[in-house]
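[1] For reference, the sequence and a predicted model appear below.
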Amino acid sequence: MNTDEFSVYEAVGIIFIAGFAIQQVLQMLDPVVMGAIAWYKAERTKNNKPSLPGGMSDETFKKSVMYVLGFLLGVVVVLFTRIRLLYYVRPEWGGGLADFFISALVIGSGTEGVNTFLKLLSYVKDSQNPLYKSPDISVSIQPSDVPVASGGTVKFYALVSNTTNKTVRWDVVQGATGGTIDSTGLYTAPAAVGTYQVRAISDVDPEKMNSATIHVS
């Protein structure tokens with residue numbers, strides 16, 4: 001495949017027109033498909049077989065037939081235009097059998113597939129933009145303010161948002177004089193009465209943290 005043959009805008013134009021055209025063709029074929037299903041059911045009934053394979057309903061069987069027809073039409077478009085959609089997402093993935101198959105599926109699904117592809121292109125474009133910023137990581141702690149008896153314990157929980165890495169590091173702001181907290185968030189209050197704080201620090205970004213207050217009485 002000559003990947004320089006189409007710009008992304010030309011490719012999107014071809015995909016949109018082809019997807020819309022396929023959708024219209026499938027709508028025109030709808031009565032033909034319904035007639036074919038009725039004939040197929042009658043033939044199976046004559047041979048003492050279930051009306052449709054697997055006991056499927058008319059609607060389910062029709063959807064399956066239309067999906068297959070859409071895919072076959074997508075194959076024709078991909079063959080004649082040499083459009084390969086994965087290339088526009090990751091160029092090193094483009095041109096192979098998987099790219100051909102996926103391109104045929106997307107184009108064959110009509111405008112729904114086109115809209116999905118456009119959303120993906122928009123996401124890829126934004127993520128490659130040097131000015132693009134992912135959502136800031138945030139850390140919250142529960143409970144955030146709690147009383148506890150001298151020498152007592154409290155279990156704290158940390159919620160880390162906007163990252164797949166949810167782990168945190170716990171510590172006591174006042175150091176050893178403010179009690180101890182283990183890696184699971186279990187805090188043990190000191191003997192001395194006072195107000196202390198514990199922190200949860202994101203492992204993926206140590207600058208993101210939050211604290212909770214403990215009133216030891």
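    On my side now, so go ahead.

[2] where are the low-confidence patches of the protein?
    Applying pLDDT under 70 to the predicted model, the residue ranges of the chain that meet it are 1-12, 88-95, 110-134.

[3] which residues touch the residue of it most remote from its centre?
    Outermost residue of the chain with respect to the C-alpha centroid, by C-alpha atoms, centre = their mean, is residue 192; its distance is 50.1 Å. For residue 192, the contacting residues are 150, 177, 216, by C-beta atoms under 8 Å, 6 or more residues apart in numbering. To be clear about C-beta, it is placed using only N, CA and C from the backbone, and glycine gets the same treatment.

[4] Please convert the buried members of the residues you listed into PyMOL selection syntax.
    To isolate the buried subset of those in PyMOL, counting by 16 or more other C-beta atoms under 10 Å, use the following:
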select buried, resi 216
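
[5] ok so the residue farthest from the centre of the chain is a helix residue?
    No. Under DSSP: H, G, I helix; E, B strand; the rest coil, residue 192 sits outside any helix and is assigned coil.

[6] Can you give me the distance of it to residue 157?
    Using C-beta to C-beta, to the nearest Å, one obtains 25 Å as the distance from residue 192 to residue 157.

[7] Identify the residue nearest residue 29 in space, chain neighbours excluded?
    If the residues on either side of it in the chain are set aside, residue 29 comes closest to residue 69, at 6.7 Å by C-beta to C-beta, 6 or more residues apart in numbering.

[8] and that neighbour, how many neighbours does it have?
    16 (other C-beta atoms under 10 Å).

[9] Mind giving me the packing neighbours of the strand or helix carrying it?
    When elements are assigned from DSSP states H and E, residue 69 belongs to helix 58-81. For helix 58-81, the helices and strands in contact under the criterion 3 or more C-beta pairs under 8 Å, 6 or more residues apart in numbering; DSSP states H and E are helix 8-46, helix 97-108.

[10] winner for burial among those helices?
    Neighbour counts averaged per stretch over the helices and strands packed on helix 58-81 are highest for helix 97-108, at a mean of 20; criterion: mean count of other C-beta atoms under 10 Å.
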